[in-house]
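Undergrad: This is a predicted model, with the sequence first.
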2 protein chains.
Amino acid sequence: MTSGHYTPETFNARNAVGYLLRCTLNLLQPRMEALFTDHEFTFVQWCVLMQLRDGLANRAADISRNLNHDSGALTRVVDQLEGRGLIERTRSTEDRRMVELALTPDGRTAVDASIPLVVDHVNRLFEDFSRDDLDMLIGMLKRMIEKLQDGEKDRQP
Amino acid sequence: MTSGHYTPETFNARNAVGYLLRCTLNLLQPRMEALFTDHEFTFVQWCVLMQLRDGLANRAADISRNLNHDSGALTRVVDQLEGRGLIERTRSTEDRRMVELALTPDGRTAVDASIPLVVDHVNRLFEDFSRDDLDMLIGMLKRMIEKLQDGEKDRQP
DNA sequence: GCACAACAACTGCTTAGGCAGTTATATAAA
DNA sequence: TTTATATAACTGCCTAAGCAGTTGTTGTGC
């Protein structure tokens, strides 16, 4: 038993990070999606488009790992985006298991158009935060993700 | 257009808070649920039990507001927990619209038993964080929740 | 060269979540 | 008192997510 910040006596729903993360995302997600009404993106669809836009991934397997999203579910998200002409699949010639994903011009236009709306919304959300606070929040989320992903490896050796 | 921390030029998937929150929760949630294997709680079920345990709410409407979880879905979560004998419903005599929820002794035992496991897991997750970092993270999540809930009111006047 | 595990993408099935209602009760206004 | 409005809990319906596979492809050890 590691000694640490929480103890069984002091731990409660008010200061539980997982609980607070859930509350935050449950509030934030529908408000994000409300920004995309013109394009009718779900939050997950938007995340996929953003990954392709910013070069974080170009294959479904990488996207599902980055988002920690079920790979079966992601196939269907890609189906939808492809069906709407926003991304395109290309079977890789080097490794025929892989399908390379890319934004179409329409997809690029759509996701680019979402950026100012998102930026404005997030800026209003963080208007009471200092620049340092926001950087620290982003940094801590990244550290948590890294730590959790490291732990994930131990579970499937 | 408010000026703020993000600009359309610098905004990308690597520093998008919503995206990072989603990743974190998608990693954290299944690992939490793995801790509850003995009791077979989902994360949402556990959140409901915690709210009752710590006195944050004793009615379905309050719980769904606190968690920002759909009230219809919550009815079914309560059904499950009641069916397993972990909580009980009592129709309020003061206001007969309301159903008061309470942990049964079994429910209390089950949720209490989860606490040391959760505390240990969260402490390991935050072992590289200083006490100040963790407090700041919790504080910032609470500020985000408050801000988002305030904005929610404006949308349904 | 051949069996084998590892992997990417995908499919079918089951469950949970989100949305639009319905019913019953309470409060406020006319 | 009657009407209108708000709220709590709940229900039915539909879509998305999570899980356990299947198929096809690559690389490794024998």
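TA: Looks like it arrived, so ask away.

Undergrad: Please work out how many residues are found near the residue nearest to residue A:98 when sequence neighbours are not counted.
TA: Spatial nearest neighbour of residue A:98, excluding adjacent residues (C-beta to C-beta, 6 or more residues apart in numbering or on different chains): residue A:92 at 4.1 Å. Heads up, the C-betas are built off the backbone N, CA and C, glycines and all. Residue A:92 has 12 neighbouring residues, counting by other C-beta atoms under 10 Å in any protein chain shown.

Undergrad: Stretch A:81-91 near DNA strand C at all?
TA: Yes - against DNA strand C, stretch A:81-91 shows contacts by C-beta under 7 Å from any atom of the strand at residue A:89.

Undergrad: Show me how far that stretch is from its chain's centre.
TA: Centroid displacement of stretch A:81-91 relative to its chain, using C-alpha atoms, centre = their mean, to the nearest Å, is 19 Å.

Undergrad: Next: stretch A:67-81.
TA: Taking C-alpha atoms, centre = their mean, the mean C-alpha location of stretch A:67-81 is offset from the chain mean by 12 Å.

Undergrad: Quick check: mean pLDDT of the helix or strand where residue A:66 lies?
TA: Using DSSP states H and E, residue A:66 sits within helix A:60-67. The average pLDDT for helix A:60-67 rounds to 94.

Undergrad: How about stretch A:33-43?
TA: For stretch A:33-43, the mean per-residue pLDDT is 88.

Undergrad: remind me which residues of chain A are low pLDDT?
TA: Residue ranges of chain A with pLDDT under 70: A:1-3, A:152-157.

Undergrad: interface residues of it facing DNA strand C?
TA: A:26, A:29-30, A:59-62, A:71-72, A:75-76, A:78-79, A:89, A:97-100.

Undergrad: picking up where we left off before, buried set for the helix holding residue A:66?
TA: Going by neighbour count (16 or more other C-beta atoms under 10 Å in any protein chain shown), the buried part of helix A:60-67 is A:60, A:63, A:64, A:66, A:67.

Undergrad: Identify the residues contacting the residue nearest to the second one when sequence neighbours are not counted.
TA: Spelled out, it's residue A:63. Leaving out its chain neighbours, the residue that sits closest to residue A:63 by C-beta to C-beta, 6+ apart is residue A:57, at 4.6 Å. Residue A:57 makes contact with A:51, A:63, A:66, A:101, according to C-beta atoms under 8 Å, 6 or more residues apart in numbering or on different chains.

Undergrad: Okay then, goodbye and thanks.
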